[in-house]
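S.K.: just the structure for this:
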Amino acid sequence: MSEVLIVGSGVGGATVARELAVRGKKVTILEKGHYHRLGTEGRAQGFYSGTQGFSGFLRSPREKALEGVEIARTFMVGGTSVVTFANGVRSLQTELSTLGLDLEEEFSEAERELKITPVPDRILGERTRRLIAAATELGYDIKPMPKFIDFSKCRSCGMCVLGCQYGAKWSSQRFIGEAQRAGAKLLTDTTVDQVLQSNGEVKGIRIRGPSGSRDIEATKVVIAAGGLGTPVILQRSGIANAGTNLFVDLYVDTYGLLDEGGMKDELGMAALIDEFHKKNGFILSPVLDTTLDMFWYLPLSKKMRAFARKRTLGMMTKITDDDAGRIDRDGTIHKPVTESDTKKLEEGDAISREILTKAGANPRTLYTTKVHSAHPGGTAGIGRVVNRDLETEVRGLFVSDASVFPQAPGLPPVVTIIALSKRLSKRLAEE
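M.R.: Have a look, this model is predicted:
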């Protein structure tokens, strides 16, 4: 019998696995995906749950809510951490503190272990420099983004979202490796159907893998399958109130073209404007999607702009969207873009256009993408589905990913997930 079963190898699951394994606990990690080779757009298509073979080349590989909002989700060892921009900001610290979770110690631990540091000036590319200068001249407070990147290894290739092939960017694969070296077991290509329970206590899980279906006994189970995967497992396990209050960190990208080009690829989201976050509910950051990503979502009349990267400037508007979505037991996603969401996106887009124009983009070339999303969460929120110890109504069943967030952060969630997972690990290690 495994002492602790952990479902998911993303940020939350990997952190709990590593923290418990190095403390001598017996741990088994179950992952629906497997290890992928990194570094190219073609390979990256296979990471995402919406891709189905080569036919995915001509359409976005992201999943879609019934309302049309696309949501990025990966099935692989390391989860979505492999394809992040490596942004290492704290989010929801105040909100979690009001719920009785003081995470200062855990935040500090995470920042030390991931060696989070603001992007150094020497790494900034021409696009980012232009946009920083323009935003500063317009009176906006723009600053370097904190990143969990070893900048001595960073090639400034701008391809963080494909998985870092140079080993510069931290992903939870590193924690998985440390957990395995400490004795943890990793089962890949394994789907968890439900948690087994009796008299309100965990008894194990039911899985499907390469060798068929079977049950695994355990007295402690940590679900860390993400904001979309976790609530489905919980609902199938009898926890009916999971799956509501879905947020997805909605965002749009605003792009414009310089009349003359020559700019090279560079590190994405290397700077941050967060002065509007608390009051207006959005942040801004320089960004440039990959060629295929831009090709997928651009309208037919603008698709060739995907290949004009050397002349393209871009700004992202990411918002704290309303938690008005849900995911059903069968995996159907519902996520409307509310009137409040639209207002925030439009406010950020207007400022982005101002900055892009000041930076030299031709106003006639400005365009804004359709609404995208990443970082789903809220579907097993603290105070609704789990308590402050991240335990459900079923004794021994815990959740440790963004689904426990009490509200949308509108900021990158990685460091907060690690902090929460560290806190949970300390409690489990003491038992």
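
S.K.: burial count for the nearest residue to Arg395 once chain neighbours are set aside?
M.R.: Leaving out its chain neighbours, the residue that sits closest to Arg395 by CB to CB, 6 or more residues apart in numbering is Glu201, at 4.7 Å. (Each C-beta comes from the backbone N, C-alpha and C, glycine too.) When counting by other CB atoms under 10 Å, one arrives at 12 neighbours for Glu201.

S.K.: for the one 10 residues further on, same thing?
M.R.: By other CB under 10 Å, the residues close to Ser211 number 8.

S.K.: what do you get for Gly396?
M.R.: 20.

S.K.: please report how far the residue nearest to Arg395 lies from Cys164.
M.R.: 42 Å (CB to CB, to the nearest Å).

S.K.: can you give the contact residues for stretch 361-374?
M.R.: 62, 69-72, 80, 248-259, 297-298, 302, 305, 313, 321, 335, 337, 345, 349, 353, 356-357 (CB atoms under 8 Å, 6 or more residues apart in numbering).

S.K.: coming back round to it: surely the residue nearest to Arg395 touches Glu391?
M.R.: No: under the criterion of CB atoms under 8 Å, Glu201 makes no contact with Glu391, lying 11.4 Å away.

S.K.: among the contacts of stretch 361-374, which are in helices?
M.R.: Tyr297, Leu345, Asp349, Arg353, Leu356, Thr357 (DSSP state H).

S.K.: so which of these is the most crowded?
M.R.: Leu356 leads the ones in helices among the contacts of stretch 361-374 on contacts (other CB under 10 Å) with 28 neighbours.

S.K.: who's in contact with the residue lying closest to Leu272 once chain neighbours are set aside?
M.R.: Leaving aside its chain neighbours, Leu272 sits nearest to Met145 (4.7 Å; criterion: CB to CB, 6+ apart). By CB under 8 Å, 6+ apart, the contact list for Met145 reads Asn87, Val89, Pro118, Val119, Met269, Ala270, Ala271, Leu272, Ser285.

S.K.: gap between stretch 75-82 and the chain center?
M.R.: Relative to the mean C-alpha coordinate of its chain, stretch 75-82 is positioned 9 Å out (CA atoms, centre = their mean, to the nearest Å).

S.K.: residues touching it, excluding its own?
M.R.: Here stretch 75-82 has contacts from 8-11, 13-14, 31-36, 38, 47-49, 72-74, 163, 170-173, 176, 186, 188, 226, 374-375, 414, using CB under 8 Å, 6+ apart.

S.K.: for it, buried residues please.
M.R.: Phe75, Met76, Val77, Gly78, Gly79, Thr80, Ser81, Val82 (16 or more other CB atoms under 10 Å).

S.K.: could you tell me the per-residue confidence at the second one?
M.R.: I take that to be Met76. On pLDDT, Met76 comes in at 93.

S.K.: kindly report the same for the one 10 residues further on.
M.R.: We note a pLDDT of 97 for Ala86 in this prediction.

S.K.: mind listing what it touches?
M.R.: Contacts of Ala86 by CB under 8 Å, 6+ apart are Lys147, Phe148, Ile149, Cys160, Lys169, Trp170.

S.K.: for ChimeraX, write the selection for the buried entries among the contacts of Met145.
M.R.: Filtering the contacts of Met145 down to the buried ones (16+ other CB under 10 Å) takes a single ChimeraX command:
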select :87,89,119,269,270,271,272,285
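
S.K.: just the closest of the contacts of Met145 to Thr128, please.
M.R.: Ala270 (4.7 Å; CB to CB).

S.K.: need the contact list for the closest one.
M.R.: Val119, Ile123, Leu124, Gly125, Thr128, Pro144, Met145, Lys147, Pro286.

S.K.: ditto for Arg329
M.R.: Contacts of Arg329 by CB under 8 Å, 6+ apart are Val232, Gln235, Arg236, Gly243.

S.K.: repeat for Asp330
M.R.: Contacts of Asp330 (CB under 8 Å, 6+ apart): Val232.

S.K.: look up phi and psi at Val4.
M.R.: Per-residue torsions, Val4: phi -140, psi 130 (degrees, to the nearest 10).

S.K.: enumerate every residue touching the spatially closest residue to it that is not a sequence neighbour.
M.R.: Spatially, and ignoring its direct neighbours in sequence, Val4 is nearest to Lys220 (4.5 Å; CB to CB, 6+ apart). Lys220 makes contact with Glu3, Val4, Leu5, Val202, Gly396, Phe398, Leu428, Glu431, according to CB under 8 Å, 6+ apart.

S.K.: helix or strand with the lowest mean pLDDT in the chain?
M.R.: Lowest on mean pLDDT, DSSP states H and E among the helices and strands of the chain sits helix 41-45, with a mean of 75.

S.K.: please spell out which residues along it are buried.
M.R.: Buried residues in helix 41-45 (16+ other CB under 10 Å): Ala44, Gln45.

S.K.: residue boundaries of the strands in the stretch 1-150 of the chain?
M.R.: Using DSSP state E, counting those that start in this stretch, the strands found in the stretch 1-150 of the chain span residues 4-7, 27-30, 63-64, 70-71, 117-118, 143-144, 146-147.

S.K.: how about the ones you listed, which one is nearest Arg43?
M.R.: Using CB to CB, the strands of the stretch 1-150 of the chain put strand 63-64 closest to Arg43, at 19.1 Å.

S.K.: just name the closest of the contacts of Arg329 to Ser403, please.
M.R.: So of the contacts of Arg329, ranked by how close each gets to Ser403 (CB to CB), first place is Gly243, at 9.2 Å.

S.K.: that concludes my questions; thank you for your assistance.
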